[in-house]
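In: next input, structure requested:
(one chain, ligands or ions: 1)
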Amino acid sequence: MPQRRSRKRKVGAEIALLFLLFLGLCLCLLLLSRQPAGSHREEASPSSLPVLQTTVFSTSTSSSAAGKTASASQDLPSEAKSSDWNLVLVNRDNITEEMNPNLATIENITLDSRIADQATQFIAAARAINAQEHPISGYRSVAYQTTLYNQYVQQEMTTRGITEEEAKKVVETYSQPPGASEHQTGLAMDMSTVDSLNQSDATVVSAVKKIAPEYGFVLRFEKSYSASTGIEYEDWHWRYVGVENAKYMTEKQISLEEYVAQLKAAGK
Ligand SMILES: [Zn+2]
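Out: Now for the predicted structure:
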């Protein structure tokens, strides 16, 4: 029995030893298998890092750019489109054929009938500021503008003794060539306290300018707009653009050219 027991013990010890060896072998294999896996991750990390950074950078750049565009387009009047009838651009870069708007008579002038009510109210409001405020010119056809322009050119040639080309340059400092005058839209009105350009009291002009957007009008040729309009300051030329557009343009201090460009840039 004791011999059998010791044999059994020996066999048990051998099994335990084998088991321990097997366990040790398993541990070694496990450690070996972990090593390359770990090194692979370390290799992968630095190479993937710039990719991650680039991704993060480009994402943040595009999201901030999108944010700016979104805030700019959120800022723009929601209903406004560059193709809206009241935002039509007529200038030397946008020579336009006869537009033949439906006209309504307002005092001594005619304007596009769609703005008759607001123009009437605007004139009344301006008159409340200064009783001398009165409309001077409204709608002018391209044909009439052509006659007017040619008359001015002839006058300048005669009085100054200059060539036709020279005379045109002089005339274009105060009159638009045919097809380039906003008066053909029926949306522009010259209104002042006096019948001469830039001779009205500046404080009156300033006061009228403040109330103009409430009736959908803006002073079209502000001093600060001349770079974008190509026209020198005019204290009497009021342009109808609609209340929302007028308020936005006045608040942002931008010309119609700049406003239409902003709308187009926003895909509107
Ligand atoms: Zn005018």
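In: which residue does the stretch 1-150 of the chain have closest to the ion?
Out: S137 (6.0 Å; Cβ to the ion). For the C-beta atoms, the positions are set from N, CA and C on the backbone; glycine is no exception.
In: that residue reaches G186, doesn't it?
Out: No: with contact defined as Cβ atoms under 8 Å, S137 does not reach G186; the gap is 11.5 Å.
In: neighbour count: those two, which is higher?
Out: Counted by other Cβ atoms under 10 Å, S137 and G186 do not tie: G186 has more neighbours, with 28 against 15.
In: residues from the stretch 51-200 of the chain in reach of the ion?
Out: D190 (Cβ under 5 Å from the ion).
In: the stretch 51-200 of the chain: strands as residue ranges?
Out: With strands called from DSSP state E, counting those that start in this stretch, the stretch 51-200 of the chain shows them at 103-106, 109-112, 134-137, 188-192.
In: looking at the ones you listed, which is closest to E232?
Out: In terms of Cβ to Cβ, the element of these nearest to E232 is strand 188-192, at 14.6 Å.
In: show me what contacts the closest residue to E133 other than its chain neighbours?
Out: Nearest residue to E133 in three dimensions, chain neighbours excluded: A126, at 4.0 Å (Cβ to Cβ, 6 or more residues apart in numbering). With contacts defined as Cβ atoms under 8 Å, 6 or more residues apart in numbering, the neighbours of A126 are 133, 191, 208, 211.
In: pick out the most distant pair among those.
Out: Comparing the members of those, the greatest separation, given Cβ to Cβ, is between M191 and I211, at 12.4 Å.
In: residues near the residue of the stretch 151-268 of the chain at minimum distance from the ion, how many?
Out: Nearest residue of the stretch 151-268 of the chain to the ion: H237, at 3.6 Å (Cβ to the ion). Around H237 there are 21 other residues, counting by other Cβ under 10 Å.
In: can you check the one 5 residues further on too?
Out: G242 is surrounded by 24 other residues when neighbours are defined as other Cβ under 10 Å.
In: tell me the phi and psi of it?
Out: Recorded main-chain torsions at G242 are phi 100, psi 150, according to degrees, to the nearest 10.
In: show me where pLDDT drops low in this protein?
Out: Within the chain, the segments meeting pLDDT under 70 span 1-74.
In: cutoff 90 now
Out: 1-75, 172-176, 226, 230-232 (pLDDT under 90).
In: domain assignment for it?
Out: Per automatic domain parsing, the structural domains of the chain span 1-75, 85-140+181-265.
In: surely the residue of the stretch 151-268 of the chain closest to the ion meets S192?
Out: No: judged on Cβ under 8 Å, H237 makes no contact with S192 at a distance of 9.3 Å.
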